[in-house]
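Q: sequence unavailable; structure follows:
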């Protein structure tokens with residue numbers, strides 16, 4: 001774990017995270033659960049790979065398809081003898097809408113049976129990925145099914161580390177943001193205002209809002225575990241700085257110059273260059289500071305991306 005507080009990055013370990021916490025702080029975790037969202041189908045003899053992206057209701061899912069150009073509305077995609085879907089619409093974004101022939105519990109049973117964990121493309125696995133991935137690409141506190149990517153900052157936490165945090169008197173609460181594949185798309189426009197952010201479902205309960213607001217009022221820091229938790233908190237915080245109950249889509253795009261309303265500390269992983277997530281951490285801790293931190297991480301062989309190492313970030317170099 002690289003600690004970014006001040007002008008000089010500090011090498012540490014995730015096991016030492018409690019050393020940087022104090023009683024009265026509140027840590028906010030994203031309890032979304034990754035679904036086996038990658039499916040391999042056939043349209044005639046053509047092989048089609050699907051990555052489910054967003055549940056649109058009534059058995060319809062928005063998804064990325066490869067190759068999408070072979071598909072047209074009305075096509076039937078056969079995943080298994082008892083599992084198929086129909087192409088409903090091709091979207092201008094390049095994604096497609098498909099309607100499955102199963103719904104509710106039956107759909108999720110088939111998804112578990114035939115789907116694959118949606119590991120990022122830079123992690124090379126065979127279609128029959130190991131059982132380890134189905135367990136390790138999931139946080140220990142995952143609860144609400146719906147993500148097509150893990151909130152990877154949460155993958156660092158074990159039951160033992162959570163117990164050590166509890167012992168400090170740190171409050172732990174959960175929000176939910178179902179991570180969509182669009183979060184990780186690179187920014188290809190020179191003007192960030194022209195970048196299209198995909199919206200994602202997010203939820204903050206009244207209980208979580210009350211706990212966070214109480215901790216903040218008492219002088220505790222709000223520590224977001226992951227950029228998904230941060231984006232949920234910032235989406236649900238009003239202009240007076242109060243966290244409100246929240247259940248809706250969010251497409252918040254945080255870039256340098258953004259005024260943070262709620263989050264005081266961020267634990268996250270190392271992100272891809274030119275990504276919305278690197279822009280977010282640069283907005284939080286400063287572009288020059290993050291560039292220096294990433295240069296330090298590369299020099300000292302930190303691991304990047306989903307199964308990689310962590311950063312503990314403080315704003316404006318504060319510790």
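A: All right, it came through fine. In this text, all values refer to a predicted model and were calculated from it rather than measured experimentally. Residues are numbered from 1 along each chain as shown.

Q: alpha carbons only for contacts and neighbour counts from here, please
A: OK.

Q: could you pull up the mean pLDDT of stretch 2-17?
A: Here stretch 2-17 scores 95 as its mean pLDDT.

Q: list the buried residues for the helix or strand of the chain with the lowest mean pLDDT?
A: Counting by mean pLDDT, DSSP states H and E, the weakest-scoring helix or strand in the chain turns out to be helix 131-136, with a mean of 73. Buried residues in helix 131-136, counted by 16 or more other Cα atoms under 10 Å: residue 134.

Q: who does the longest strand seen in the chain pair up with?
A: The strand spanning the most residues in the chain, taking DSSP state E as the definition, is strand 46-57. Its sheet considered, strand 46-57 pairs with strand 38-43 (antiparallel), strand 60-66 (antiparallel) by DSSP bridges.

Q: domain map for this protein?
A: Following automatic domain parsing, one finds the domains of the chain at 2-34+139-317, 38-115.

Q: the ones you listed: which one's closest to residue 123?
A: domain 2-34+139-317 (9.0 Å; Cα to Cα).

Q: ok, back up a step: residues touching the least confident helix or strand of the chain, excluding its own?
A: With contact meaning Cα atoms under 8 Å, 6 or more residues apart in numbering, helix 131-136 is reached by 117, 155.

Q: per-residue confidence at residue 45?
A: Reported pLDDT for residue 45: 90.

Q: can you count the residues close to it?
A: 7 (other Cα atoms under 10 Å).

Q: mind checking how far it is from residue 35?
A: For residue 45, the distance to residue 35 (Cα to Cα, to the nearest Å) stands at 27 Å.

Q: cool, and residue 89?
A: 23 Å.

Q: the two: which has the busier surroundings?
A: residue 35 (23 against 17).

Q: which ones are touching the more buried one?
A: Here residue 35 is in contact with 111, 112, 117, 118, 145, 146, 147, 148 (criterion: Cα under 8 Å, 6+ apart).

Q: kindly recompute the last result at 7 Å.
A: 117, 145, 146, 147, 148 (Cα atoms under 7 Å, 6 or more residues apart in numbering).

Q: skip the chain neighbours and tell me the closest residue to the third one.
A: It stands for residue 146. Nearest non-adjacent residue to residue 146, counting by Cα to Cα, 6 or more residues apart in numbering: residue 178, 5.3 Å away.

Q: ok, the second one next?
A: Counting by Cα to Cα, 6+ apart, residue 145 lies nearest to residue 33, which is 4.4 Å off, once chain neighbours are set aside.
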